[in-house]
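> structure for this input, please:
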Amino acid sequence: MKFDSFNHASRWLDLSTFGPKPSQAEALNNTFAKAWFDEQIAFPASSHMSQCEKQFNAQGFGKKPSRSTRIRAWLDIALYADDQLRQRVGYALSQIFVASDQDATLINQSTAMANYNDLLCQHAFGNYRDLLTAVSLSPVMGQYLTMVGNKKGDPATGRRPDENYAREILQLFSVGLYQRELDGSYVLDSSGSPTPCYDEKDIQELARVMTGWNFSDSEFISPMISHENDHDRGEKHILGHAFAKNVSAVQEMDKVMDILLHHPSTAPNICKNIIQRLTTSNPSSDYVRRVADVFVDNGAGETGDLKSVIWAVLTDDEVYTAPSHSMSKVREPWLSLVAVYRALDAQPGGGSEVVETDLVYLKTCNQYPLGSPSVFNFYLPDYAPKGVVSNNNLVAPELQIIDWAHIINVHNFIYGILRLSLQDIKKSSNKQLYINVELFKDLISKKDIDGFVEETSLRFFNGNMPEPLKHVIREQYDGMNLNPGKWVQRLLFLALSSPYFHVQENRA
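Sure thing, here's the model as predicted:
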């Protein structure tokens, strides 16, 4: 695929990074996507755990990194790291293989949470089987879904293996609740109802497999290790597969990973989830099938090659040609703010080498990285608000966390980002992020409102700002001799508070 226009290149960056920075789309125009993709794959993975430690040292107080420390480290990487594609995919995976510091123990293990983020990013272009194994043996996941310390049943006491992880690895991390065709549609039974992928017996048997795993360190960093005395070594039957007796926890875990990798519902379920997190909330069945085909076989006989899957997701023709109603997704609130900062080339003040604001994450966005309220993420993939969305048989998952309080908070925050004191190129306070709007101010000084609208379109709308929004901005500008920075704040706020910005859609 070749980028044949600024619009094409900018939309690619809007989907595959945390948002295009000034001049990045121009640099990609008339180049081939594969070259950029391969370059991104080759970049070393930025380390959230290392950056968390750097942030902790910079803050100069506290006994160990806090949640805010970790969030600032995440922002350092999202705003400035080179490996944007890896980090963006890792963020998507964090909403599929969900672990959260809302857990009462993990809230005090920010370094471990950063390490879990690293785990997802490190496996972003590897094999799904390896990713699922790493997630399953992560002490963070073990703590979050109560697999750590899971012991075999004891008839004398009535103890039974914990079923939590067994249930979620099936429902959320692999096959899903119902059997799917390769195009993502449900396999229906004779009554027209979706056919379950598994039953309660499968969960109980899989819970027996998941016994015997425990922490290998006190910091929640190294993978869990097996304690064979706690492992159920009895015969088991899971998803139609027999497990012989007297087999180790490690061997049984390996067998489960193979079963889930090759289960016919895993490819469409995982691929549709990845598509929804990266490109569109309502992918066509053909789009899902094409991507799932690549999951099943990458062309070299490998199943589960995530690098090939991500390439298929981002390069599918529909992403750049389908009408907006089927090729759009609401920007997550958190990612909206990050995109604004990147588009305005924001930098920390006071010569700071790290971001020293956490964007007031607990108040502003109803979300933050690895902070989901439950294993079901911040929102459900099939959420459809009443009205135009549900009436057209569409879904809009991100709208599940967007209410009036959020809209007010996010828009107030965006207005604050644009205030005059943060346009100061002296960048005096290390607690702030300062934006570069000199070009916008220069256009206002020249009373060039058409140039202002065009630059806004290029920075925030992939060069395709809708005409109604252009009209609103032009109508609001009357040429009054205000401080150019005030005009910049007012007019950019109109653009960035509009639904056109908060929905990523194909406008080509």
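
> check the gap between residue 31 and residue 23 for me.
Counting by C-beta to C-beta, to the nearest Å, the gap from residue 31 to residue 23 is 14 Å. Just so you know, the C-beta spots here come from the backbone N, C-alpha and C atoms, and that holds for glycine as well.

> quick check on the nearest residue in space to residue 263 that is not next to it in sequence: phi, psi?
Take residue 263 and drop its neighbours on the chain: the residue closest to it by C-beta to C-beta, 6 or more residues apart in numbering is residue 175, 4.9 Å away. In terms of degrees, to the nearest 10, the main-chain angles of residue 175 are phi -80, psi -30.

> which residues touch residue 175?
Taking C-beta atoms under 8 Å, 6 or more residues apart in numbering as the criterion, residue 175 is in contact with 197, 198, 239, 260, 263, 265, 266, 269.

> cool, residue 184 as well?
Residue 184 neighbours (C-beta under 8 Å, 6+ apart): 268, 269, 271, 272, 283, 285, 288, 289, 292.

> switch the cut-off to 10 Å
176, 265, 267-269, 271-273, 275, 283-289, 291-292 (C-beta atoms under 10 Å, 6 or more residues apart in numbering).

> element containing it, please.
For residue 184, there is no host helix or strand (DSSP states H and E).

> how close does the residue nearest to residue 491 when sequence neighbours are not counted sit to residue 59?
Closest residue to residue 491 apart from its sequence neighbours, by C-beta to C-beta, 6+ apart: residue 473 at 5.5 Å. In this view, residue 473 and residue 59 are 40 Å apart by C-beta to C-beta.

> who has more neighbours, those two?
Counted by other C-beta atoms under 10 Å, residue 473 and residue 59 do not tie: residue 473 has more neighbours, with 20 against 15.

> my guess is the more buried one contacts residue 488. True?
No - between residue 473 and residue 488 there is no contact under C-beta atoms under 10 Å: 11.5 Å.

> strands of the stretch 201-350 of the chain, residue ranges please.
Assigned by DSSP state E, counting those that start in this stretch, the strands in the stretch 201-350 of the chain fall at 213-214, 225-226, 236-238, 241-243, 328-330, 347-348.

> and the first one, which strands flank it?
In this case it means strand 213-214. The pairing partners recorded for strand 213-214 under DSSP bridges are strand 225-226 (antiparallel).

> so for the helix or strand bottoming out on mean pLDDT in the chain, what gets flagged as buried?
Least confident helix or strand of the chain, by mean pLDDT, DSSP states H and E, is helix 361-364 with a mean of 89. Of the residues in helix 361-364, 361, 364 count as buried by neighbour count, 16 or more other C-beta atoms under 10 Å.

> may I have that helix exported as CSV, CA atoms only?
C-alpha atoms of helix 361-364 as CSV (Å, rounded to 0.1, in the frame of the first residue of the first chain):
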residue,chain,number,x,y,z
TYR,A,361,-6.8,11.4,35.1
LEU,A,362,-9.1,10.4,37.9
LYS,A,363,-11.5,13.3,37.1
THR,A,364,-11.1,14.0,33.5
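
> elements contacting that helix?
helix 67-80, helix 333-343, helix 404-417 (3 or more C-beta pairs under 10 Å, 6 or more residues apart in numbering; DSSP states H and E).

> and with 7 Å instead?
Helix 361-364 sits against helix 404-417, with contacts defined as 3 or more C-beta pairs under 7 Å, 6 or more residues apart in numbering; DSSP states H and E.

> spatially central residue for this protein, please.
In the chain, the centroid-proximal residue (C-alpha atoms, centre = their mean) is residue 92; its distance is 2.5 Å.

> isn't that residue up against residue 279?
No - applying C-beta atoms under 7 Å as the test, residue 92 and residue 279 come out as separate, 10.1 Å apart.

> dump the residue contacts of the residue nearest to residue 491.
Shown in contact with residue 473 (C-beta atoms under 7 Å, 6 or more residues apart in numbering): 453, 491, 494, 495.

> repeat that for 6 Å
The contact partners of residue 473, taken as C-beta atoms under 6 Å, 6 or more residues apart in numbering, are 453, 491, 494.

> from the residues you listed, which ones fall inside helices?
Judged by DSSP state H, helices contain the following of the contacts of residue 473: 453, 491, 494.

> reformat the residues you listed as JSON lines; add pLDDT.
Formatted as JSON lines, those follow (pLDDT from 0 to 100):
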{"residue": "453", "pLDDT": "98"}
{"residue": "491", "pLDDT": "98"}
{"residue": "494", "pLDDT": "98"}
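
> which one of those is nearest to residue 129?
Within the ones in helices among the contacts of residue 473, the smallest distance to residue 129 is 48.4 Å, found for residue 494 (C-beta to C-beta).

> the nearest residue to the closest one once chain neighbours are set aside: which element?
Residue nearest to residue 494 in three dimensions, not counting chain neighbours: residue 473, with 5.7 Å by C-beta to C-beta, 6+ apart. If you go by DSSP H and E, residue 473 is part of helix 467-476.

> that helix: which residues count as buried?
In helix 467-476, counting by 16+ other C-beta under 10 Å, buried: 469, 470, 472, 473.

> now do the contacts for residue 74.
Applying C-beta under 6 Å, 6+ apart, the residues near residue 74 are residue 369.

> same question for residue 133.
With the criterion set at C-beta under 6 Å, 6+ apart, residue 133 makes contact with residue 257.

> and the helix or strand containing it, what's buried?
With elements taken from DSSP H and E, the one containing residue 133 is helix 128-137. Along helix 128-137, these residues count as buried under the neighbour rule (16+ other C-beta under 10 Å): 128, 129, 131, 132, 133, 134, 135, 136, 137.
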